[in-house]
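K.L.:
Sequence and predicted structure, then a few things I'm wondering about:
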Amino acid sequence: MASTVQHPRPRPLTVGFDLDMTLIDSRPGIAAAYRALSAETGVPIDVDLVVSRIGPPLETELAHWFPADEVDAVADRYRALYPDHAIGPSTALAGARESVAAVRALGGRAIVVTAKHQPNAKLHLAHLGIGPDAVIGWLWAEAKGEALREHGAQVYVGDHTGDVRGARAAGALSVAVTTGPCDAAELREAGADVVLKDLTGFPAWLAAFEADRTA
């Protein structure tokens, strides 16, 4: 009598997404929030420079403009100003809604793992009608790997080399998009497994990935 080999069923699909410059173009909103902060504090801030390097934690950016002993308090004030200034001007990037929907269409879970203040991240997503299954904030680079592992993510999608490092820390496949401050060469050098121009190509890539994973 022939024996049958039982293969373990693959884990349910879970895909993590970064927020700023991966799912949303937050540059206009962040610029508006920094202008408000500059006007309130009287400290000149080069807003164009700020939005050219979105990705790392807020405190890292503020340290370029404020003394170290003021950064934490100024960060709190920026986060308080943020909802009134940054949510409305920010837009969904091409393919963002379709990419989250593609995960769901395959029976998977979509999560957002971001360095942004979690309540403000949720405001962005609600305003733009993007509804992930979970939103985890306050994590940057390798620390993102903690949340990705906790949620069992097989894939993490981001625009920054820090996102690539987060995916690798979690043992997840790194899919990088060139909609943020890092170009394709930088992302590949950091270890990205897949580099896409933007999220419009992600649903087709994900369908092929999931077909191979479950074959």
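P.N.:
On my side now, so go ahead.

K.L.:
all helices in the chain, in order from the N-terminus.
P.N.:
In the chain, the helices defined using DSSP state H lie at 27-41, 47-51, 58-62, 71-86, 96-105, 118-128, 144-150, 161-170, 184-190, 202-214.

K.L.:
Tell me which of the ones you listed sits most buried.
P.N.:
Most buried of the helices of the chain by mean neighbour count (mean count of other Cβ atoms under 10 Å) is helix 161-170; its value is a mean of 24. Backbone N, C-alpha and C define where each C-beta goes, glycine included.

K.L.:
now the helices of the chain as TSV including distance to M21?
P.N.:
Converted to TSV, the helices of the chain look like this (distance: least, Cβ to Cβ, whole Å):
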stretch	distance to M21
helix 27-41	8
helix 47-51	9
helix 58-62	14
helix 71-86	14
helix 96-105	11
helix 118-128	12
helix 144-150	15
helix 161-170	10
helix 184-190	12
helix 202-214	14
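
K.L.:
which one of these lies closest to V15?
P.N.:
Closest to V15 of the helices of the chain, according to Cβ to Cβ: helix 96-105, at 4.8 Å.

K.L.:
so what secondary structure elements neighbour the closest one?
P.N.:
strand 14-17, strand 109-113, helix 202-214 (3 or more Cβ pairs under 8 Å, 6 or more residues apart in numbering; DSSP states H and E).

K.L.:
mean confidence score for the longest one?
P.N.:
Spelled out, it's helix 202-214. Average pLDDT, helix 202-214: 97.

K.L.:
Export the helices and strands packed on helix 96-105 as JSON lines, with columns for distance to E98.
P.N.:
Formatted as JSON lines, the helices and strands packed on helix 96-105 follow (distance: least, Cβ to Cβ, whole Å):
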{"stretch": "strand 14-17", "distance to E98": "12"}
{"stretch": "strand 109-113", "distance to E98": "12"}
{"stretch": "helix 202-214", "distance to E98": "6"}
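
K.L.:
Identify whichever of those lies nearest to L123.
P.N.:
Once the helices and strands packed on helix 96-105 are compared by Cβ to Cβ, strand 109-113 is nearest, at 12.3 Å.

K.L.:
partners of the closest one in the sheet?
P.N.:
Sheet pairing for strand 109-113, assigned by DSSP bridges, gives strand 14-17 (parallel), strand 134-136 (parallel).

K.L.:
and among these, the most buried is which?
P.N.:
Burial of the strands paired with strand 109-113 is given as mean neighbour count (mean count of other Cβ under 10 Å); strand 14-17 ranks first at a mean of 28.
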